[in-house]
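Engineer: model this:
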Amino acid sequence: MGTNAEFSIKRQVFFCYGHRLRDYAGPCKNLHGHNAKVEIELASKQLDRKGMVADFIDVGRIMKNWIDKTFDHKLLLRQDDPLIPILKEQGEPLFIMEQNPTAEHIAQLIFEYATTQGLPVVSVTFWETEHAAATYSNP
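Structural biologist: Okay, the predicted model is just below:
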């Protein structure tokens, strides 16, 4: 095996969420929902004593718990969205973001969380639909 060889694993997490995009002229300017898939890729040049990059069960537990708590069945809105006060008053579950809740920004948030958990994450691909995905990686 060459010195640049590396092992990688991927773990998927599925969840449902709603959002809308501000300053956008297309149909995504309206409130709507998605069934999302997240693919988290981890990599390492060395395997642990069990022969793994990371245990799929551990990765799933860490990431699925956080994703479910943070995004699942919530409305993701940009912090200046005028609907926020109204929805908060109604007790709707929200996740407020600094930027537009695009697939790119959601992938970045998930990547950053995985990093804080000590996971050797190399990329996160966020599938907004089965045909459209965005990937965030930090080379």
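Engineer: where in this structure is pLDDT low?
Structural biologist: For the chain, the stretches with pLDDT under 70 are 1-3, 139.
Engineer: what about the strands in it?
Structural biologist: Along the chain, the stretches classed as strands by DSSP state E are 7-19, 32-44, 74-78, 94-97, 121-129, 132-137.
Engineer: For residue 108, which of those strands is the nearest?
Structural biologist: Across the strands of the chain, residue 108 has its closest neighbour in strand 132-137 (4.4 Å, Cβ to Cβ). Yep, even glycine has a C-beta here, placed from its N, CA and C like the rest.
Engineer: Can you name every helix or strand that the closest one contacts?
Structural biologist: Strand 132-137 sits against helix 103-116, strand 121-129, with contacts defined as 3 or more Cβ pairs under 8 Å, 6 or more residues apart in numbering; DSSP states H and E.
Engineer: tell me how far it is from the chain's mean position?
Structural biologist: Computed by Cα atoms, centre = their mean, to the nearest Å, the chain-centroid distance of strand 132-137 equals 9 Å.
Engineer: what's that strand in contact with?
Structural biologist: With Cβ atoms under 8 Å, 6 or more residues apart in numbering as the test, strand 132-137 has contacts from 102-104, 106-108, 110-111, 122-128.
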